[in-house]
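K.L.:
Sequence first, predicted model second:
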Amino acid sequence: MENLNLFIRSIFIDNMIFAYFLGMCSFIAVSKNVATAFGLGVAVTFMLAITVPANYLITTYVLGPGALVWAGPEFADVDLSFLSLIVFIAVIASLTQLVEMVVEKYSPSLYASLGIFLPLIAVNCAILGGSLFMQQRGFDSVATSFCAGSGWGIGWLLAITAVAAVRERVAAYSNVPAPLRGVGITFIITALMGIAFMSFLGIKI
């Protein structure tokens, strides 16, 4: 039950876009079309779902204070936590290459539409932020890390798909003033949706 609450909270209350504004670069650039936005959102969700638990295991059994005690009592005082950031980035970059190869093989059209933004998942701050939140909040199991990572990913997917849908309607039916077209109106839409998501703060879970 606790993990379910964390999962729901990660989607709606701790939303990566509307609560923390992480991953805004690719969010703004790719949210012009629903299909493309949804594809990138699925890729980000997959990355968060696998990198947060993977980095949890690395932190627990390699990097944390005393994590290497399994290798022998002489390693009980070893603390490699100062390497966390660079190791997290290396894990994310490696798994991003895997995702890129899979998308290129099984969905060439999505691969072409995402363009440079697919490899840039490796430096998407929402994905790195998930691992850093995991470390900061001291998750106690792989299951907890998976639930949080999946929730953050689905929240990011929900945010970019919703904004892309609104942007499509605005482009088709609204006469946006020239200075606000493109990025300007997108920031306004994102801000309004962020305010709307603040209503979830009142939910007790």
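P.N.:
Now that the structure is in, tell me what you want to look at.
K.L.:
Give the buried residues for stretch 71-83.
P.N.:
For stretch 71-83, the neighbour count (16 or more other C-beta atoms under 10 Å) marks Leu80 as buried. Where you see a C-beta, it was placed from the backbone N, CA and C, and this is true even at glycine.
K.L.:
looking only at pLDDT, what's the mean for it?
P.N.:
Model confidence over stretch 71-83 averages 90 on the pLDDT scale.
K.L.:
same deal with stretch 95-103?
P.N.:
For stretch 95-103, mean pLDDT rounds to 84.
K.L.:
now stretch 31-47
P.N.:
Averaging pLDDT along stretch 31-47 gives 89.
K.L.:
Where is the longest helix in the chain?
P.N.:
helix 142-173 (DSSP state H).
K.L.:
Just list what the lowest-mean-pLDDT helix or strand in the chain packs against, helices and strands only.
P.N.:
The least trusted helix or strand in the chain, going by mean pLDDT, DSSP states H and E, turns out to be helix 108-114, with a mean of 78. On a contact count with 3 or more C-beta pairs under 8 Å, 6 or more residues apart in numbering; DSSP states H and E, helix 108-114 meets helix 34-58, helix 84-106.
K.L.:
burial measure for Met193, as a count.
P.N.:
18 (other C-beta atoms under 10 Å).
K.L.:
so it touches Phe21, yeah?
P.N.:
No. Between Met193 and Phe21 no contact is recorded; they are 11.9 Å apart, counting by C-beta atoms under 8 Å.
K.L.:
quick one on the thing from earlier: what's in contact with the next helix or strand after the least confident helix or strand of the chain?
P.N.:
Going down the chain from helix 108-114, the next helix or strand is helix 125-137, by DSSP states H and E. Helix 125-137 has contacts (C-beta atoms under 8 Å, 6 or more residues apart in numbering) with 16-17, 20, 22-23, 44, 47-48, 51-52, 55-56, 59, 84-85, 88-89, 91-92, 121, 145, 148-149, 152-153, 156.
K.L.:
is it possible to export the helices and strands packed on helix 108-114 to JSON lines including distance to Leu201 and mean neighbour count?
P.N.:
What follows is those, written out as JSON lines (distance: least, C-beta to C-beta, whole Å; neighbours: other C-beta atoms under 10 Å):
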{"stretch": "helix 34-58", "distance to Leu201": "22", "mean neighbour count": "22"}
{"stretch": "helix 84-106", "distance to Leu201": "28", "mean neighbour count": "15"}
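K.L.:
So which of those is nearest Ala76?
P.N.:
helix 34-58 (18.3 Å; C-beta to C-beta).
K.L.:
Could I get the buried residue list for stretch 155-166?
P.N.:
Gly155, Trp156, Leu157, Leu158, Ala159, Ile160, Thr161, Ala162, Val163, Ala164, Val166.
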